[in-house]
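A.B. asks: Fold the following and give me the result.
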Amino acid sequence: MKIVVIGGSGLIGTKLVTRLRALNHEVIAASPSTGVNALSGEGLQEALAGAQVVVDVANSPSFEDTAVMAFFETSSRNLLAAGKAAGVRHHVALSVVGTERMQGAGYFRAKLAQEALIQASPVPHTIVRATQFFEFLGSIAEAGSHGGTVRLSPALLQPLAAEDVAAALASVALAEPVNGMVEIAGPEKRPLSEFVTRWLTAHKDPRPITVDSQASYFGIPLDDRSLTPGPGARIMPSRFEEWLTRSTLQA
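C.D. replies: So this is what the prediction gives:
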C-alpha cells in the first residue's frame, strides 16, 4: 500500500514512517525538505499519485493566531483537493483531545477549523485526537514559568508517549476509515502539576513550583475535562515513569 505522511520529518512523522516501512508499505515522508509542501501545494500531486492513504501530522511553524489558522486551513484544503483528485481512499489527521473545549486559543480554533474541513470533504477520513505528549512536558513548564517560578494547574492530564501516538496512527491508517474521530490517551490520569513536577525533578531543574488552580495552559484556563478524553478513548500502553527513566538515560 502507498501511504503519504505529511509532516514526515517531524517528531510523530518520523516514528510513523519507520513503523509503516517496517510493515513493508511504500511510504512517502512528505515535507518541505523533501519537496512536498502542503501549504503552497508544491509537489502534492506527484507525491499523492497512486496513494491509498494520506496521514497528516504536519504542524504550523507559527502559533500566532492568524498564521496558525492560515496554515491549517490552507494546507488542509490543498491536501483534501489533491487527495480527491488522486483517488485517496483514507485521509487520516492528527488533532488534539479537548479541541472544542479550548477555543480561547488561536491554535485550537485552527485545529477545529481543520477538522471541519476534513469532515466536509468527500474523501473518507479518520481524525485521531491525542492527549498531550510526554515529550512536551518541558514546554508546558516553560510556558508556566514566571519570575523564576513555575506555576502549574492541578487540572487532570492523561498524556502519552509520541511512540504510542505513532503506533495508534499506523493502526488507524491501515484500517478502514471511520468517518469520525478516535481519541487516544495514556494509561494514567493525574494532575498536570504532578506530571510536570516529576519531569522537572528528573531533569534536575531547581526552579520552585507553585500549584495554582488559576494557572493557565498556554493562556487558557483549565478544568479536569479540558485535556482529558471521553470514556471511549483508546488507551495506549506506555507508562510515564518508565518513559521518563528511558528518556533521561538517553539524554
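A.B. asks: C-alpha from now on. contacts and neighbour counts both.
C.D. replies: OK.
A.B. asks: if you go through the stretch 51-200 of the chain in chain order, where are the helices?
C.D. replies: Per DSSP state H, counting those that start in this stretch, the stretch 51-200 of the chain carries helices over the ranges 65-86, 106-120, 137-143, 162-173, 192-202.
A.B. asks: and those helices as TSV, adding mean pLDDT, mean neighbour count and distance to residue 7?
C.D. replies: Shown next, in TSV, are those (pLDDT from 0 to 100; neighbours: other C-alpha atoms under 10 Å; distance: least, C-alpha to C-alpha, whole Å):
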stretch	mean pLDDT	mean neighbour count	distance to residue 7
helix 65-86	98	19	11
helix 106-120	97	19	15
helix 137-143	94	17	20
helix 162-173	98	21	12
helix 192-202	96	19	27
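A.B. asks: Could you dump those helices into JSON lines and include distance to residue 9?
C.D. replies: Shown next, in JSON lines, are the helices of the stretch 51-200 of the chain (distance: least, C-alpha to C-alpha, whole Å):
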{"stretch": "helix 65-86", "distance to residue 9": "16"}
{"stretch": "helix 106-120", "distance to residue 9": "20"}
{"stretch": "helix 137-143", "distance to residue 9": "20"}
{"stretch": "helix 162-173", "distance to residue 9": "13"}
{"stretch": "helix 192-202", "distance to residue 9": "26"}
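A.B. asks: Could you point out which of those sits nearest residue 236?
C.D. replies: helix 162-173 (6.2 Å; C-alpha to C-alpha).
A.B. asks: The closest one packs against which elements?
C.D. replies: Under the contact definition 3 or more C-alpha pairs under 8 Å, 6 or more residues apart in numbering; DSSP states H and E, helix 162-173 sits against helix 11-22, strand 90-96, strand 125-130.
A.B. asks: Let's see that with 6 Å instead.
C.D. replies: helix 11-22 (3 or more C-alpha pairs under 6 Å, 6 or more residues apart in numbering; DSSP states H and E).
A.B. asks: Please save the CA atoms from the helix it packs on in PDB.
C.D. replies: Written as PDB, here are the backbone C-alpha positions of helix 11-22 (Å, rounded to 0.1, in the frame of the first residue of the first chain):
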ATOM      1  CA  LEU A  11       8.500  14.100  15.900                       C
ATOM      2  CA  ILE A  12       5.500  11.900  15.100                       C
ATOM      3  CA  GLY A  13       6.100  11.700  11.400                       C
ATOM      4  CA  THR A  14       9.500  10.100  11.600                       C
ATOM      5  CA  LYS A  15       8.300   7.500  14.000                       C
ATOM      6  CA  LEU A  16       5.200   6.700  11.900                       C
ATOM      7  CA  VAL A  17       7.200   6.400   8.700                       C
ATOM      8  CA  THR A  18       9.600   4.000  10.300                       C
ATOM      9  CA  ARG A  19       6.700   1.800  11.600                       C
ATOM     10  CA  LEU A  20       4.900   1.700   8.300                       C
ATOM     11  CA  ARG A  21       8.000   0.900   6.300                       C
ATOM     12  CA  ALA A  22       8.800  -1.900   8.700                       C
END
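A.B. asks: That one versus helix 162-173: what angle between them?
C.D. replies: 50 degrees (axes from the mean of the first three to the mean of the last three C-alpha atoms, to 10 degrees).
A.B. asks: Helix 11-22 packs against which elements?
C.D. replies: Where contact means 3+ C-alpha pairs under 6 Å, 6+ apart, helix 11-22 is packed against helix 162-173.
A.B. asks: Restricting the selection to alpha carbons, write the helix it packs on to CSV.
C.D. replies: In CSV, the C-alpha atoms belonging to helix 162-173 read as follows (Å, rounded to 0.1, in the frame of the first residue of the first chain):
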residue,chain,number,x,y,z
ALA,A,162,5.0,10.1,21.0
GLU,A,163,5.9,6.5,20.1
ASP,A,164,2.4,5.4,21.1
VAL,A,165,0.9,8.2,19.0
ALA,A,166,2.7,6.8,16.0
ALA,A,167,1.6,3.3,16.8
ALA,A,168,-2.1,4.4,17.0
LEU,A,169,-1.8,6.3,13.8
ALA,A,170,-0.3,3.4,12.0
SER,A,171,-3.1,1.2,13.2
VAL,A,172,-5.7,3.7,12.1
ALA,A,173,-4.1,4.3,8.7
